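A.B. asks: how would this look folded up:
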Amino acid sequence: MADATEAAAVARPDAPGVPGGGAGYVFDNDSDHAGEQHACLAAAYDPVTTGRLADTGVGRGWRCLEVGAGGGSVGMWLARRVVPDGWVVVTDVKPVRMPQQAGMAVLRHDIARDPLPQGAFDLVHARLVLMHLPERERVLARLLRALRPGGRLQLDELDATHAPALVLPEAARSPGPDAAADLYARFQRAKVRALTAAGADPAWGSRAAAAMRRTGFTDVDPRPHVQQWRAGSPGARLQAHHTRHLHRSLAEAGMTEADLAGVRDLLDHPDFCACSPVFYTVQGRRPA
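C.D. replies: Numbering: from 1, shown residues only. This next block holds a predicted model:
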């Protein structure tokens, strides 16, 4: 592929709007909340993502693929690293919120279905994408073939099944520390049920490295990351955002309006402290 435009030309114009055709992606880009979702994710996870990507040596002249790019912050970071001789193809099923930048081609593309050039990329990155795809292991095989021999894949995925509260104030709407702990735990469980109902695997982060090995990647290196979440932190803001963005799914999972308001009170309280879910950055190579 001579440039990003040629690599992008493999896309069909009719890519469907639900990644992988699952029961329904819970963080749809058509939502009025999508912009806030992308901003919260970038604030919470870009430093970890780009720090690990920098370890690959990505730089001038590299050819990169950014899958399910959301707001485009990581794609823009990559483009700044690889120009003027390299390029980045940035994809999403609904790339409506993607900025334009030199060295970056934006592509409407379903990674589970649409054509993908083989042996075209030095680096492929996907963050919080495969956990939402029922065909996640088949997609891994497609990403392996898209890399040149010796090229690298980085997957950033969560194990969302464990995100415990560490210190909680009394819940304003349910007085008492036990009530606050119960409310926060029910909120986390409701999110897991909402993700599962939509076809996602909430624990995929802990399984991604083994899946990469099965697919044929070598030098697989998973690194777990956890954060302390306090009021006002990017992670706490992301949790508060979920009470709005996932409102319908959380209601179907048993959370009431009063429950969600109580969760926001907890997240905003100066005494709030919780542990994030484990965020895995997993790298592997296509065999040379």
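A.B. asks: For the rest of this, base every contact and every neighbour count on C-alpha atoms.
C.D. replies: OK.
A.B. asks: Buried residues in stretch 47-66, which are they?
C.D. replies: Thr49, Arg52, Leu53, Val58, Gly59, Arg60, Trp62, Arg63, Cys64, Leu65, Glu66 (16 or more other C-alpha atoms under 10 Å).
A.B. asks: again, but for stretch 65-77
C.D. replies: So stretch 65-77, judged by 16+ other C-alpha under 10 Å, has buried residues Leu65, Glu66, Val67, Gly68, Ala69, Gly70, Gly71, Gly72, Ser73, Val74, Gly75, Met76.
A.B. asks: Contacts for it next, please.
C.D. replies: 29, 35, 38-39, 42, 46, 49-50, 88-93, 95, 97-99, 101, 104, 111, 121, 123-127, 129 (C-alpha atoms under 8 Å, 6 or more residues apart in numbering).
A.B. asks: And for stretch 246-253?
C.D. replies: Counting by C-alpha under 8 Å, 6+ apart, Val26, Phe27, Phe187, Ala190, Lys191, Arg193, Ala194, Thr243, Glu257 sit against stretch 246-253.
A.B. asks: Tell me which entries of those lie within strands.
C.D. replies: Taking DSSP state E, every one of the contacts of stretch 246-253 sits outside strands.
A.B. asks: just to revisit the earlier point, out of the contacts of stretch 65-77, name the ones that lie in strands.
C.D. replies: Val88, Val89, Val90, Thr91, Asp92, Met104, Phe121, Leu123, Val124, His125, Ala126, Arg127.
A.B. asks: quick one, helices of the stretch 151-288 of the chain?
C.D. replies: 177-197, 204-215, 234-245, 247-252, 257-268 (DSSP state H, counting those that start in this stretch).
A.B. asks: Now do the last one: which elements does it pack against?
C.D. replies: What it means is helix 257-268. When contacts are defined as 3 or more C-alpha pairs under 8 Å, 6 or more residues apart in numbering; DSSP states H and E, helix 257-268 packs onto helix 177-197, helix 234-245.
A.B. asks: Ok, the first one next?
C.D. replies: In terms of contacts (3+ C-alpha pairs under 8 Å, 6+ apart), helix 177-197 is packed against strand 165-167, helix 247-252, helix 257-268.
A.B. asks: What residues does Thr161 make contact with?
C.D. replies: Gln188, Arg189, Val192, Pro202, Ala203, Pro277.
A.B. asks: again, only using 6 Å
C.D. replies: Ala203 (C-alpha atoms under 6 Å, 6 or more residues apart in numbering).
A.B. asks: low pLDDT regions in the stretch 1-150 of the chain?
C.D. replies: 1-24, 29-31 (pLDDT under 70).
A.B. asks: For Trp229, which non-adjacent residue is closest in space?
C.D. replies: Ala274 (5.1 Å; C-alpha to C-alpha, 6 or more residues apart in numbering).
A.B. asks: For that neighbour, give me its contacts.
C.D. replies: So Ala274 contacts Pro164, Ala165, Leu166, Gln228, Trp229 (C-alpha under 6 Å, 6+ apart).
A.B. asks: So what pairs up with it in the strands?
C.D. replies: For Ala274, the beta-bridge partners under DSSP bridges are Ala165, Trp229.
A.B. asks: distance of it from Asp110?
C.D. replies: Distance of Ala274 to Asp110, given as C-alpha to C-alpha, to the nearest Å: 35 Å.
A.B. asks: Output the helices of the stretch 151-288 of the chain as a markdown table; include the columns mean pLDDT and distance to Leu155.
C.D. replies: Formatted as a markdown table, the helices of the stretch 151-288 of the chain follow (pLDDT from 0 to 100; distance: least, C-alpha to C-alpha, whole Å):
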| stretch | mean pLDDT | distance to Leu155 |
| --- | --- | --- |
| helix 177-197 | 93 | 19 |
| helix 204-215 | 98 | 8 |
| helix 234-245 | 95 | 20 |
| helix 247-252 | 95 | 26 |
| helix 257-268 | 96 | 29 |
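A.B. asks: got JSON lines for those, with mean neighbour count too?
C.D. replies: Output for the helices of the stretch 151-288 of the chain, formatted as JSON lines (neighbours: other C-alpha atoms under 10 Å):
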{"stretch": "helix 177-197", "mean neighbour count": "19"}
{"stretch": "helix 204-215", "mean neighbour count": "19"}
{"stretch": "helix 234-245", "mean neighbour count": "20"}
{"stretch": "helix 247-252", "mean neighbour count": "17"}
{"stretch": "helix 257-268", "mean neighbour count": "20"}
